[in-house]
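*Asks:* Starting from these lines, generate the structure:
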Amino acid sequence: MADASRASRSSPVPLTILLAVLAVVLAGTAYWLRGTLRGAEELAADRQAAVRAAAAHAVSLLSLNHRTVDDDIKRVLATSVGQEREEYAKSSEALKATAVKNKVVQTGVLRGAALASMSGDRRTAQVLIVADAVVRWEDGRKTPPEERFYRWRMEVTRASGLWLVSRSEVVQ
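*Replies:* This is a model prediction of the structure:
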């Protein structure tokens, strides 16, 4: 009998230790899961931001109005960086002159945008864009509006916390 009473008195200590260890393991698992979930949410947010940046740039490229051409050009420059920005800046004066001379009104419409890839450090991404534009001329021509169709592969780069298009390539 003495052995049985000694065993029952000593068993709460190992049970308490077991419960404490279990609580620590559960807390550690919850902490790990929360960190993993946060990382997945941040990755999803970066992916969405990269796609939105490329989509906005594409619509800006395709939306041009002879009355607001200066603002239209600024919008494209504001959504680009590096090679893309430099190339557009070089051609912007000719684009402006043509738009004003021909009284062009071009309206861009995004049809689709999808992430093709993202670098491991999440600083660059490749985005595929499908967009269309309708071009009208308000210079008295009787020319009907013209539809144009565009497909791009855009590289977006994180610069100063923003996703900006650094390069675009027309794809067939």
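*Asks:* drop to CA atoms for contacts and neighbour counts, all remaining ones
*Replies:* Noted.
*Asks:* ok, for Pro144, nearest residue in space, not its chain neighbours?
*Replies:* Counting by CA to CA, 6 or more residues apart in numbering, Pro144 lies nearest to Arg136, which is 7.2 Å off, once chain neighbours are set aside.
*Asks:* mind checking how far the one you found is from Arg34?
*Replies:* Relative to Arg34, Arg136 is positioned 53 Å away (criterion: CA to CA, to the nearest Å).
*Asks:* between these two, which one's more packed in?
*Replies:* Residue environment comparison for Arg136 versus Arg34 gives the larger neighbour count to Arg136, 19 against 12, counting by other CA atoms under 10 Å.
*Asks:* Ramachandran coordinates for Gln106?
*Replies:* Listed backbone geometry of Gln106 is phi -120, psi 130, with angles given as degrees, to the nearest 10.
*Asks:* cool, Ala131 as well?
*Replies:* Here Ala131 shows phi and psi, under degrees, to the nearest 10, equal to phi -150, psi 160.
*Asks:* Please renumber the chain so that the first residue is 286 from this point on.
*Replies:* Right, with 286 as the first residue, what we last looked at is Ala416.
*Asks:* Report the contact partners of it.
*Replies:* Applying CA atoms under 8 Å, 6 or more residues apart in numbering to Ala416 gives the contacts Ala343, Val344, Gly393, Val394, Leu395, Arg396, Gly397, Phe434, Tyr435, Arg436.
*Asks:* those helices in the protein, which residues are they?
*Replies:* Under the criterion DSSP state H, the chain contains helices at 287-295, 297-347, 354-363, 367-387.
*Asks:* CA atoms of the third one as CSV?
*Replies:* Just to be clear, that refers to helix 354-363. Provided in CSV are the C-alpha atoms of helix 354-363 (Å, rounded to 0.1, in the frame of the first residue of the first chain):
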residue,chain,number,x,y,z
VAL,A,354,-1.2,65.1,-73.4
ASP,A,355,1.2,66.7,-70.8
ASP,A,356,-0.6,65.0,-67.9
ASP,A,357,-0.8,61.8,-69.9
ILE,A,358,3.0,61.8,-70.4
LYS,A,359,3.6,62.6,-66.8
ARG,A,360,1.5,59.6,-65.7
VAL,A,361,3.6,57.3,-67.8
LEU,A,362,6.8,58.7,-66.5
ALA,A,363,5.5,58.4,-62.9
